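Chemist: With the sequence up front, the predicted model follows.
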Amino acid sequence: MSPDPQPTPPAPAEALLSSALPEGEIREGVLGDLHELFLQRVQNPKLGLKAARRWYWLQAIRLAVRFTSRRLRVRSQPSAPSDGVGALLRQLRFSFRSLLRSPGFSAPALLILAVGLTAVTTMFTVVDSVIFQPLDYPESERFVLVCEDHVRMGGACVASPGNAADLRAQSRSFSALGIGRGWSFSITDSDGRRGLRGGLATGSFFEALGVVPQVGRLFTEDEVGADRDNVLILSHGFWQDRYGADPAILGSTLTVEGEPAVVIGVLPRGFEAPLDLNGIEAWRPPHIDLLDPEFRGWRGWRTVGRLASGVSPESGAQELEGLYSRLADVHAEIDNEWRIQVRPLIDVVVGDTRPVFFAFLAAAGLLMVIVCANVTNLLLARGTERRRARSEGGPGCRAHPPRI
Amino acid sequence: MVERAYLGELEQAVLWAVLRLDGAGYGASVLKELNARVDRRVSPGALYATVDRLEEKAMLESRLADADAGRGGRRKRYLTVTAAGREALQSTRQEWQRLWGGLEEAMGTHEP
């Protein structure tokens, strides 16, 4: 029977250490020393193989860190001879060693910091995306909703096509002002008939949103109205899913609700109209004459506007209030219970949820304060323990001269 | 003017252990000597860092021996204290002695 093979240090730890050590004498000597010390520990009945393996891992990691940081320091010397880099590396090495030396302190401290930082980062990311950068439109700070609100509706944001058209014609504060609404319809093409989530909008609606079609063009004013609305703009998603993003679709004729309609454009990838107009797959121009008195009271539309350069929402609102009161003199259906408002889109999108998000952000900040206080407590406790150890001459005490 | 070499506590201890082992000092044996005779646990990492510093100061030099089965076939790296190392250790010892000179009585350790 052959004798039991001699135990060997954990191979991954040895490989880690070997890769960190410089080639030559030092690698040979260090690996041999650790092997020898490992075997001594295995043979020690108080320690055994498991403890020896643990010890080897610990030493391998410590030495790998030490030799790697030394190598980095040496490398950094020719290009950056300043003391700054060397001091930083020394500090990093010292910090890392201190952490390894006292896992009872570093583990809870790192855990507390990790929890706190994760919570704060997550909360800030949410608030940042919802409150600070919620609108994916170019120059979205100039983008407003022009809302007609009735005193008994409280906070409504609706618009009549006729009023919007009059305001657009007379206002100087807006570079673009247009209307849109959801209006489902069906199309028929070579693949058959399909109902889709459709919408109606003027070309200026898209201009106000800063949209430039990926291919083709937007609706013109001449295409608004009955029997003139035989054109179609597709969303990028619908174009991709239904027609495989084929550019040849431009100019082709589809059947919309039994009538022919020519595809004149495709909106850019990722574009979504705001609020309830989100997710619309294809757009047509309004099939009504916007100034037709019959539709003056049809407040089933959204009006979006882009403030002219240098015009604030307040001054834009002031101008529209004046124009709206003059419209009320002409159109009886605008009674004194209707009012016009200009609301930055951000306020409408975020609305009442803004204080809630700020409360969450404040709570996350408070959590960070608690995290810092806890880590400070741990540091203070460790400092107190060290002072006590020194005053008692314990293991924390370094004696001078050496006790040889 | 020649700059006087300063020796830290562990540097003194390592030089002392290598001298004591008299040519048989290599990493593991120096570590064993230090842990047995110095009232302080010394880790391999601390030892190699100190040896590294002493080699940079030209106070220690090394040579490789033959491969050893008890070391996984690795060779021992024997250490020797150079003349500069002996001189530095001696001058440090004298300095400490001067520092302590005449304090035995005050410390209550004076032997009549």
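Modeler: Received, thanks.
Chemist: count of residues packed around residue 58?
Modeler: Using chain A here. 15 (other CB atoms under 10 Å in any protein chain shown). Bear in mind the C-beta positions are built from the backbone N, C-alpha and C, glycine included.
Chemist: My question was about chain B, not that one.
Modeler: Neighbour tally, B:Ala58, other CB under 10 Å: 13.
Chemist: Nearest spatial neighbour of it, chain-adjacent residues omitted?
Modeler: B:Ala84 (5.2 Å; CB to CB, 6 or more residues apart in numbering or on different chains).
Chemist: pull the longest helix from the chain.
Modeler: Looking at chain A here, since you left the chain open. helix A:353-392 (DSSP state H).
Chemist: not quite, I wanted chain B
Modeler: Max-length helix for chain B by DSSP H is helix B:83-100.
Chemist: for the residue in the stretch 151-300 of chain A positioned nearest to chain B, helix, strand, or coil?
Modeler: For the stretch 151-300 of chain A and chain B, the shortest gap (CB to the nearest CB) falls at A:Gly270, measuring 54.1 Å. Assigned by DSSP: H, G, I helix; E, B strand; the rest coil, the conformation of A:Gly270 is coil.
Chemist: I figured it hits A:Ser235, correct?
Modeler: No - the pair A:Gly270 and A:Ser235 does not pass the contact test of CB atoms under 8 Å, sitting 10.0 Å apart.
Chemist: Between these two, which has more neighbouring residues?
Modeler: Legend: neighbour count by other CB under 10 Å for A:Gly270 and A:Ser235, higher for A:Ser235 (25 against 9).
Chemist: what's the more buried one sitting at in phi/psi?
Modeler: phi -80, psi 160 (degrees, to the nearest 10).
Chemist: Go ahead and confirm it touches A:Phe271.
Modeler: Yes - contact criterion CB under 8 Å: A:Ser235 and A:Phe271 qualify, at 7.3 Å.
Chemist: check contacts around the residue lying closest to A:Arg27 once chain neighbours are set aside.
Modeler: Distances taken as CB to CB, 6+ apart place A:Leu21 nearest to A:Arg27, at 4.0 Å, with adjacent residues excluded. Neighbouring residues of A:Leu21 by CB atoms under 8 Å, 6 or more residues apart in numbering or on different chains: A:27, A:30-31, A:63, A:67.
Chemist: In these, find the pair that's most separated.
Modeler: Pairwise distances across the contacts of A:Leu21 peak at 11.8 Å for A:Leu31 and A:Phe67 (criterion: CB to CB).
Chemist: before we move on, the earlier item: per-residue confidence for the residue nearest to A:Arg27?
Modeler: A:Leu21 carries a pLDDT score of 88 in this model.
Chemist: Pull the number of nearby residues for A:Phe94.
Modeler: 11.
Chemist: Check which helix or strand it maps to.
Modeler: Per DSSP states H and E: A:Phe94 is located in helix A:83-101.
Chemist: So which elements touch the next helix-or-strand element following that helix?
Modeler: Next along the chain after helix A:83-101, taking DSSP H and E as the criterion, comes helix A:103-127. If you count contacts as 3 or more CB pairs under 8 Å, 6 or more residues apart in numbering or on different chains; DSSP states H and E, helix A:103-127 packs onto helix A:83-101, helix A:353-392.
Chemist: Chain B: which of those helices is closest?
Modeler: Judging the helices and strands packed on helix A:103-127 by CB to the nearest CB, what sits closest to chain B is helix A:83-101, at 8.0 Å.
Chemist: any idea of the mean pLDDT for that closest one?
Modeler: For helix A:83-101, the per-residue pLDDT averages 77.
Chemist: Show me where the stretch 101-250 of chain A dips below the pLDDT cut-off.
Modeler: A:131-136, A:138 (pLDDT under 70).
Chemist: Number of residues surrounding the closest residue to A:Glu337 other than its chain neighbours?
Modeler: Excluding its sequence neighbours, the residue lying closest to A:Glu337 (CB to CB, 6+ apart) is A:Val151, at 4.6 Å. A count of nearby residues for A:Val151, using other CB under 10 Å, gives 10.
Chemist: One more: the one 5 residues further on?
Modeler: A count of neighbours around A:Ala156, defined by other CB under 10 Å, yields 12.
Chemist: Name the helix or strand for the closest residue to A:Ala245 other than its chain neighbours, please.
Modeler: In space, and not counting its chain neighbours, A:Ala245 is closest to A:Trp239: 5.9 Å by CB to CB, 6+ apart. Counting by DSSP H and E, the element that carries A:Trp239 is helix A:236-243.
Chemist: who's in contact with stretch A:341-360?
Modeler: By CB under 8 Å, 6+ apart, the list of residues contacting stretch A:341-360 reads A:123, A:126-127, A:130-131, A:134-135, A:137, A:140-141, A:143-149, A:157, A:274-275, A:304-305, A:313-314, A:316-317, A:320.
Chemist: Just the ones of the residues you listed in strands?
Modeler: Members of the contacts of stretch A:341-360 lying in strands (criterion: DSSP state E): A:143-149, A:304-305.
Chemist: what does chain B have sitting close to chain A?
Modeler: B:9-10, B:12-13, B:16, B:26-28, B:31, B:37-40, B:43-45, B:48-49, B:52, B:62, B:64, B:68, B:70-72, B:74-77, B:96 (CB under 8 Å from any CB of the partner chain).
Chemist: If we use 6 Å, what do you get?
Modeler: By CB under 6 Å from any CB of the partner chain, the residues of chain B that approach chain A are B:9, B:12-13, B:16, B:27-28, B:38-39, B:44-45, B:64, B:71-72, B:74-75, B:77, B:96.
Chemist: Take the residues you listed and keep only those in strands.
Modeler: Reading strands off those with DSSP E, I get B:64, B:74-75, B:77.
Chemist: Tell me who's in contact with A:Ala373.
Modeler: Not one residue lies near A:Ala373 by CB atoms under 6 Å, 6 or more residues apart in numbering or on different chains.
Chemist: for the chain, what spans make up the helices?
Modeler: Chain wasn't specified; assuming chain A. A:11-20, A:25-43, A:48-79, A:83-101, A:103-127, A:161-170, A:203-208, A:236-243, A:313-330, A:345-350, A:353-392.
Chemist: The intended chain is chain B.
Modeler: B:9-21, B:27-37, B:44-56, B:83-100, B:104-107.
Chemist: can you tell which of these is closest to A:Tyr56?
Modeler: helix B:44-56 (10.2 Å).
Chemist: What is the closest one packed up against?
Modeler: helix A:48-79, helix B:9-21 (3 or more CB pairs under 6 Å, 6 or more residues apart in numbering or on different chains; DSSP states H and E).
Chemist: With respect to burial, which of those scores highest?
Modeler: helix B:9-21 (a mean of 21; mean count of other CB atoms under 10 Å in any protein chain shown).
Chemist: pLDDT of it, averaged?
Modeler: Mean predicted confidence for helix B:9-21 is 92.
Chemist: now it against helix B:27-37, angle please.
Modeler: With axes from the mean of the first three to the mean of the last three CA atoms, to 10 degrees applied, the angle from helix B:9-21 to helix B:27-37 works out at 100 degrees.
Chemist: quick one on the thing from earlier: pull out the buried residues from the longest helix of chain B.
Modeler: B:85, B:88-89, B:92 (16 or more other CB atoms under 10 Å in any protein chain shown).
Chemist: angle of it against helix B:9-21?
Modeler: Using the same axes, to 10 degrees: helix B:83-100 against helix B:9-21 is 120 degrees.
Chemist: Spell out which parts of the stretch 51-200 of chain A neighbour chain B.
Modeler: Applying CB under 6 Å from any CB, we find that the stretch 51-200 of chain A lies next to chain B at A:59, A:62-63, A:66.
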